[in-house]
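Enquirer: return a 3D structure for these sequence lines:
(2 chains)
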Amino acid sequence: MRTFLIRRLLQTVPLLLGISALTFLLLRLAPGDFLATMAENPQISAATLDAMRHRFGLDQPWWVQYGLYLRNLFLRLDFGESFSRHQPVFTVLRQGMLNTLLLTGAAAIVTWGLAIPLGVWAAVRQHRATDRLLSLFAFVGLSVPEVLSGLLLLLMAARTGWFPVGGMRSLDWEELDAAHRVVDVLRHLVLPALVVGLIPLAGRMRQMRSSVLDVLRLDYVTTARAKGLDERTVVFKHAARNALNPLITLFGYTLGSLLSGSFVAEVIFSWPGLGRITVEAIQTQDQYLVMGSVLMASAMLILGNLVADVLLAAADPRIAHA
Amino acid sequence: MRYLNGMALIAAAALATLSLGACAGQKPGNTAYHDPHPLPPDTLTLPAAEIGSYGGRFVFAATSGPRTFNKLLANEQPSNDIDNLLFVGLTEFDNETQQIFPELAKFWDVSPDQLTWTWHLRRGACFSDGHPITSADVLFMFELAYDPVLHPSLQDLLKSDGKPFQVTAPDSYTVVTKLAAPHPLMAAAVGSLRIMPRHVLEPLYRKGAFASAYGVDTRPDSLVTSGPFRLRQYVPGEKVVLERNPYWIGVDAKGQRLPYLDELVFLIVPDQNTAAIKFQAGEVDAIDNVKPEDYKTYIDGAGGGGYTLHDLGASLSTNFLWFNLNRVREGHGSRRAGEPAVDPTKYRWFANREFRRAVSMAIDRDAMIRGPFHGHGLKNWSAPTVGSKQWGSHGIVGFDYEPEGAKRILDSLGWKDRDGDGVREDDRGHPIRFVIKTNADNLLRVQMLDLIKDDLAKVGIACVPASVEFNTLTTNLRDDFQYDAILLGLGSAVPPDPGMYANFLTSKGIAHYWDIKQDHPATPAEAELDRLYAEVIASSDPAKRMEPWKRIVRTLNDECFVIWLPSQKIMVPVRNRFGNVHPTVIPQRVLWNIDRVFVKQSSTRA
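Expert: Below is the predicted model of the structure:
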């Protein structure tokens, strides 16, 4: 297991290097730069633009800029500075990351909290109306784009007043006591978490269903039934637990998308997460901010995949030796 | 499956609790605020229609959060909107009268030769931490503004004849600025230099850390401000909360210290659509960048919604199109320096003033206003636009819609449709066909371009509309000149004065788009523009400046270097429960007098 881990961790270094080089190159290939957005401002002179370009190091060739970036990153874990905010990139991203994790974490709970019981239910009722209905529901959820479902829910919130119209907290949040603060954030969390969580639901649910179906056909289940155990004990205690094994890997992939899986929902629901910062950074070509965001999301993805493999290895010893 | 049904019930109950719990309400206004500090000897009485009362909160929708609270280095609107309320200058621009008035300065003297300006500061003016604002703070700000490394973008404005002012402070309340040449915008330029606290920032500046000072992670209590507000809280991506600066010098006509509001909240929303939903849901009190296609929704909803959609007239932002007359800068490959950047055939058309006039006459601006502008547009023939009380009133009209006239001009050039395909050929047989680009993110411009294509087709000119990314467009127009024509515009300048448009009007400027950064004026008309511009900025007497300004507008319209298109009419919705709301077309449209806005007594509600 240890060699497996070390090998995998070492593999992430060239991977991250490649991602960073590619991102940097793409950013430089994109037309214009951070200062291009000043084109419609009639007051800024050419000399001022040149001075600013020099201050931000944008007058250097891209490989010099990239080299400096890598040096700072490796020697000092310094992700550079945001052009527009004059702040270290990590400081800008930190709070956004935490907010994104909250949203995607809640979404993961929605996904898995629904996928497992619904999958079991569908398997038990195989080919019956419940099963069909659940499949239909799951696939509709899968097919409706995030943008549409998000906007529809937002409109619903505005019309009915049942839920807040986007955002993460009410304006008076600071004046609430601890319990109400939690409730307030949860209220804001419901709709975006549903939107993000429902997308992978269909897949996970079908996976759980087929897995349970496989297990239910096994001899030990028949034995359990023959012993006279009631159906609930058979399904939940004996079948479902073993059926969970194949889904462990998928759970690792969920971890991987924790930082990058909610960009669209964040923009729709004014969620103050990494996605909005990143989209804004891309639009304004705030290049080191984009780099930082991409690198963190990639690292999370790689880590998630690693966890998935480790979990799988732990669950199935044959993998670890492969 | 009773088990599952039970779970579903619990989930439903949880959702219900969440959806009904803690409904955010408006803060009641009119809380008792007792001014803890004595008023300074020199207060600043700010004009307002009504005397207000203290308390309440105003929520403004901002489509982007601030990137910095360092006013000197803030270069984009989201930061400026907030920073302008935190920091003020010696003078300020009154959006209502469109005149400059003394703010931190009590008054100023100008020497007869207009080269020495003496600024007398208000006594007793203090920063939000109670530290007095003196001439040392002003000197420090000038030092920062002229710093070659920081090079803040307002440095250009703080120069006369290309040279920095000589700034001295004979005593704590007097600042003297000596100029190399008269500066028509001197009062405005000095006002644009917002005063930040030297006692906090100088140590950081000496350490070379000024650029990162007062970033958005600054602790609110260490952000010392000179304006009507100070920072209470910033939650990135969510909101910025400002509260009154208890030392602010501004008072109302009864001598009560301003601002009236307890809180001014900038609620950060991702886009105009979300802002609209939040406004309709009552979570937001004002928006200042409504899309013209949404105006009707607001007009319809104003009656029952408790708000008014204020019509502010023509925007200060412009729309125009121009043809590429730029020359190749540095020769490489087959291109030689100095030859036209576009194909020589096209250059022959574009450089022809008659052709440009014909294009201007082919465009039906009224149809454009009825269509893409949804009726909310105004014809405009200059920058600053008709939105400027002083400089928009020149009364000059350019070549407006007259398709028969356009056809006559093209006929007289011998550019006729000889092969019957509906597109004219020039006198050498080349079909007149070119591409007009605009920025894809501006839906209005994309739609305008579609109309222009149809209008030009009617007079036998084929144009291909292309919407491209804004950054591609700026690369095209500044660096590689890979375009035939572009539809774009200039943003607003405050004050809306011709002197703010040097880069656009003069041949050396980088916003002289049709042929940027010329070493020498390429045409007699542009030499004339340079001369007239020099005349406009040679004096600060509006009467003397008006005549050359009119001639600039006339020359530009006569030559059709840019073909003017309508400007958008601006409308902003604001809730009726606030008093002294007086939006103007000049930014900040709603917030410029927010220090005087108050919650009306009768509309107090929980």
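Enquirer: what score does A:R225 have for pLDDT?
Expert: pLDDT recorded at A:R225 is 82.
Enquirer: check contacts around it.
Expert: A:231, A:234 (C-beta atoms under 8 Å, 6 or more residues apart in numbering or on different chains). Every residue, glycine included, has its C-beta placed from N, CA and C.
Enquirer: okay, helices next: where are they in the stretch 351-500 of chain B?
Expert: B:353-362, B:365-370, B:403-412, B:443-458, B:470-475 (DSSP state H, counting those that start in this stretch).
Enquirer: closest point of chain A to chain B, which residue?
Expert: The nearest approach of chain A to chain B comes at A:P272, 2.5 Å away (C-beta to the nearest C-beta).
Enquirer: near chain A, which residues of the stretch 251-400 of chain B?
Expert: Selection of the stretch 251-400 of chain B residues close to chain A by C-beta under 8 Å from any C-beta of the partner chain yields B:265, B:267-271, B:274, B:277-278, B:280-281, B:283, B:317, B:383.
Enquirer: domain parsing of chain B, as residue ranges.
Expert: B:2-285+B:577-599, B:319-568 (automatic domain parsing).
Enquirer: for the ones you listed, give me TSV that also has mean neighbour count.
Expert: Formatted as TSV, these follow (neighbours: other C-beta atoms under 10 Å in any protein chain shown):
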stretch	mean neighbour count
domain B:2-285+B:577-599	19
domain B:319-568	19
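Enquirer: which of those has the lowest average pLDDT?
Expert: Mean pLDDT per stretch puts domain B:2-285+B:577-599 lowest among these, at a mean of 88.
Enquirer: for chain A, which helix is longest?
Expert: Longest helix in chain A by number of residues (criterion: DSSP state H): helix A:89-124.
Enquirer: starting at the chain centroid, how far to that one?
Expert: 8 Å (C-alpha atoms, centre = their mean, to the nearest Å).
Enquirer: and whichever helix or strand comes after that helix, what does it pack onto?
Expert: Next helix or strand after helix A:89-124 toward the C-terminus (DSSP states H and E): helix A:129-143. Helix A:129-143 sits against helix A:89-124, helix A:201-216, with contacts defined as 3 or more C-beta pairs under 8 Å, 6 or more residues apart in numbering or on different chains; DSSP states H and E.
Enquirer: got the angle for helix A:129-143 vs helix A:201-216?
Expert: 140 degrees (axes from the mean of the first three to the mean of the last three C-alpha atoms, to 10 degrees).
Enquirer: residues contacting helix A:129-143, please?
Expert: Here helix A:129-143 makes contact (C-beta under 8 Å, 6+ apart) with A:118, A:121-123, A:125, A:149, A:198-199, A:201-203, A:205-206, A:209.
Enquirer: run the last query once more with 7 Å
Expert: A:118, A:121-122, A:125, A:198-199, A:201-202, A:205-206 (C-beta atoms under 7 Å, 6 or more residues apart in numbering or on different chains).
Enquirer: ok, stretch A:69-77 next?
Expert: Residues contacting stretch A:69-77 (C-beta under 7 Å, 6+ apart): A:78-80, A:291.
Enquirer: out of those residues, which are buried?
Expert: Burial by neighbour count, judged by 16 or more other C-beta atoms under 10 Å in any protein chain shown, picks out A:79-80, A:291 from the contacts of stretch A:69-77.
Enquirer: let's have those residues in CSV, adding pLDDT and secondary structure.
Expert: Formatted as CSV, those follow (pLDDT from 0 to 100; DSSP: H, G, I helix; E, B strand; the rest coil):
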residue, pLDDT, secondary structure
A:F79, 84, coil
A:G80, 84, coil
A:M291, 90, helix
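Enquirer: overlap between these and the residues near chain B?
Expert: Applying C-beta under 7 Å from any C-beta of the partner chain to these, one finds that nothing falls near chain B.
Enquirer: re the thing from before, pLDDT of the longest helix of chain A, averaged?
Expert: The average pLDDT within helix A:89-124 is 88.
Enquirer: show me what that helix is packed up against.
Expert: Packing partners of helix A:89-124 (3 or more C-beta pairs under 7 Å, 6 or more residues apart in numbering or on different chains; DSSP states H and E): strand A:81-82, helix A:129-143, helix A:178-198, helix A:201-216, helix A:274-284, helix A:287-315, helix B:2-20.
Enquirer: which parts of it are buried?
Expert: Neighbour count says helix A:89-124 has A:89-93, A:95-97, A:99-104, A:106-108, A:110-112, A:114-124 buried, by 16+ other C-beta under 10 Å.
Enquirer: chain B contacts on the stretch 201-322 of chain A?
Expert: A:232, A:267, A:270, A:272, A:276, A:280, A:285.
Enquirer: export the domains of chain B to a markdown table and tack on distance to A:V165?
Expert: Formatted as a markdown table, the domains of chain B follow (distance: least, C-beta to C-beta, whole Å):
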| stretch | distance to A:V165 |
| --- | --- |
| domain B:2-285+B:577-599 | 5 |
| domain B:319-568 | 23 |
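Enquirer: re earlier: among the contacts of helix A:129-143, which pair sits farthest apart?
Expert: Farthest apart among the contacts of helix A:129-143 by C-beta to C-beta are A:R125 and A:I199. That separation is 23.9 Å.
Enquirer: neighbour count for these two, which is higher?
Expert: A direct count of neighbours by other C-beta atoms under 10 Å in any protein chain shown for A:R125 and A:I199 places A:I199 higher, at 21 against 16.
Enquirer: wait, which of the helices and strands packed on helix A:129-143 is closest to B:T297?
Expert: Closest among these, once you apply C-beta to C-beta, is helix A:89-124, at 30.0 Å.
Enquirer: let me know the angle separating the closest one from helix A:201-216.
Expert: Angle of helix A:89-124 versus helix A:201-216, following the same axes, to 10 degrees, is 50 degrees.
Enquirer: okay, the angle between helix A:89-124 and helix A:287-315?
Expert: Going by the same axes, to 10 degrees, helix A:89-124 makes 40 degrees with helix A:287-315.
Enquirer: wait, what's in contact with B:D515?
Expert: B:D515 touches B:325-326, B:522, counting by C-beta under 7 Å, 6+ apart.
Enquirer: can you check B:D294 too?
Expert: B:A276.
Enquirer: ok but it is inside a helix, no?
Expert: Yes: counting by DSSP: H, G, I helix; E, B strand; the rest coil, B:D294 is found in a helix.
Enquirer: quick check, pLDDT for it.
Expert: As predicted, B:D294 sits at a pLDDT of 86.
Enquirer: which residue sits closest to A:A281 in space, ignoring its chain neighbours?
Expert: Spatially, and ignoring its direct neighbours in sequence, A:A281 is nearest to A:L289 (3.9 Å; C-beta to C-beta, 6 or more residues apart in numbering or on different chains).
Enquirer: same check, this time on A:S211
Expert: A:A243 (4.1 Å).
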